[in-house]
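Chemist: can't give you the sequence, but here's the structure:
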């Protein structure tokens, strides 16, 4: 940022909604062909997926593939576009993690319907289970996200029950 812009004297970049996080803006800007609202929705959706994939500090290829499939399905993107969105979201989640997690999830809640939030919650479990197991860190992060999205713990646990065979605490390491 230039000093003149900082002081309010220079030309400013395109203004964006004050509720829009920098993370969502970075991802959405890569999706120029989409409607701006759809791009913001997709950016937030992908970031929250990456948040869960990164909960155990490792995002493996199966989780990445599950994220790409979810993003491609939600937005009807090409494989290359879905891959780009997921790569950016993963990078943002790894680099900005704790500082952006709640902000982006709250933004997703504001721009989505309850049905869309439920769809995201299902995708979170699918991404976490993609490598064959859902670690306790991933499960805890999903419950936290579910509550941030406005779901009760009971609602989150109801969906969690569908993945009982993938939960490491039930796999008898």
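Modeler: Yep, that arrived. Keep in mind that what you see is a predicted model, and the values were worked out from it rather than measured.

Chemist: who touches the spatially most central residue of the chain in this structure?
Modeler: Centrality entry for the chain: nearest residue to the mean C-alpha point is residue 48, 1.7 Å, by CA atoms, centre = their mean. By CB atoms under 8 Å, 6 or more residues apart in numbering, residue 48 lies in contact with 104, 105, 108, 120, 124, 145. (Glycine included, C-beta is placed from N, CA and C.)

Chemist: For residue 10, give me the pLDDT.
Modeler: In the predicted model, residue 10 carries a pLDDT score of 38.

Chemist: oh, I was asking about residue 64
Modeler: What the model reports for residue 64 is a pLDDT of 96.

Chemist: what's the longest helix in this structure?
Modeler: Using DSSP state H to define each element, the chain has its longest helix at helix 79-111.

Chemist: residues touching residue 129, list them.
Modeler: 163, 166.

Chemist: measure it to residue 92 for me?
Modeler: 23 Å (CB to CB, to the nearest Å).

Chemist: I'd guess residue 58 is in a helix, am I close?
Modeler: No - assigned with DSSP: H, G, I helix; E, B strand; the rest coil, residue 58 falls outside any helix and is coil.

Chemist: And it, how close does it get to residue 80?
Modeler: Using CB to CB, residue 58 is found at 25 Å from residue 80.

Chemist: Residue 95 too?
Modeler: According to CB to CB, residue 95 stands 23 Å off from residue 80.

Chemist: Also residue 98?
Modeler: 30 Å.

Chemist: And for residue 45?
Modeler: 18 Å.

Chemist: try residue 106
Modeler: In terms of CB to CB, residue 106 sits 30 Å off from residue 80.

Chemist: Looking at these two, which has the bigger crowd around it?
Modeler: Comparing residue 106 with residue 80 by other CB atoms under 10 Å, the one with more neighbours is residue 106, at 14 against 9.

Chemist: what sits against residue 53?
Modeler: Contacts for residue 53 (CB under 8 Å, 6+ apart) come out as 59, 63, 64, 67, 90, 93, 127, 128.

Chemist: Model confidence for it, exactly?
Modeler: pLDDT, residue 53: 94.

Chemist: again, but for the one 3 residues further on
Modeler: At residue 56, the model reports a pLDDT of 89.

Chemist: and it, what are its phi and psi?
Modeler: The phi and psi values for residue 56, taken as degrees, to the nearest 10, are phi -100, psi 10.
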